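A.B. asks: Got a predicted structure plus its sequence, pasted below:
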Amino acid sequence: MHDEHDRTRPPRGSMALAGRGVTAAIGGYAAAAAGCALAARILPLPRLEATLWAMLASFPVYAALALWAFHTRSPGRAMALVWGLAAACTAALFLLGVRP
């Protein structure tokens, strides 16, 4: 027999799936955007070309991170890599400062 509380709980694994979805959508975007900004600052090209190449590279990076977040066996590993990459790129941007 099932009691009343079994129907109010989400199905097993749905929280892991939701975590992967948030990591893929928001974390992947954060990592790709921070990586794009970092690449635009460190590429040895004129500012316009560096920004263009960095933005073009950010689209496949975002898609790869989003796909990998669902492919990896452990949701914790996906979250650690994607959010860690976003944090590392953001920290590097802060250390570099604003380019004149």
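C.D. replies: Yep, it's here.
A.B. asks: At which residues are the helices of this protein located?
C.D. replies: Taking DSSP state H to define them, one finds helices in the chain at 14-22, 28-42, 47-71, 75-96.
A.B. asks: Now tabulate those in JSON lines and tack on mean pLDDT.
C.D. replies: Shown next, in JSON lines, are those (pLDDT from 0 to 100):
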{"stretch": "helix 14-22", "mean pLDDT": "87"}
{"stretch": "helix 28-42", "mean pLDDT": "95"}
{"stretch": "helix 47-71", "mean pLDDT": "95"}
{"stretch": "helix 75-96", "mean pLDDT": "93"}
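A.B. asks: For those helices, state which one has the densest average packing.
C.D. replies: Mean neighbour count, computed with mean count of other Cβ atoms under 10 Å, is highest for helix 28-42 among those, reaching a mean of 20. Heads up, the C-betas are built off the backbone N, CA and C, glycines and all.
A.B. asks: from the chain's centre, how far out does it sit?
C.D. replies: Its chain's average C-alpha position is 10 Å from that of helix 28-42, according to Cα atoms, centre = their mean, to the nearest Å.
A.B. asks: same thing with stretch 78-96?
C.D. replies: Taking Cα atoms, centre = their mean, one finds stretch 78-96 lying 9 Å from the centre of the chain it belongs to.
A.B. asks: for stretch 83-99, same thing?
C.D. replies: Using Cα atoms, centre = their mean, the mean C-alpha position of stretch 83-99 is found 13 Å from that of the whole chain.
A.B. asks: check contacts around residue 67.
C.D. replies: residue 24 (Cβ atoms under 8 Å, 6 or more residues apart in numbering).
A.B. asks: center of the chain - which residue?
C.D. replies: Nearest residue to the geometric centre of the chain (Cα atoms, centre = their mean): residue 28, 2.2 Å.
A.B. asks: Does that residue touch residue 62 like I think?
C.D. replies: Yes: Residue 28 lies in contact with residue 62 (Cβ atoms under 8 Å); the separation is 5.1 Å.
A.B. asks: dump the residue contacts of the residue nearest to the centre of the chain.
C.D. replies: When contacts are counted by Cβ under 8 Å, 6+ apart, residue 28 touches 62, 65, 66, 69, 82.
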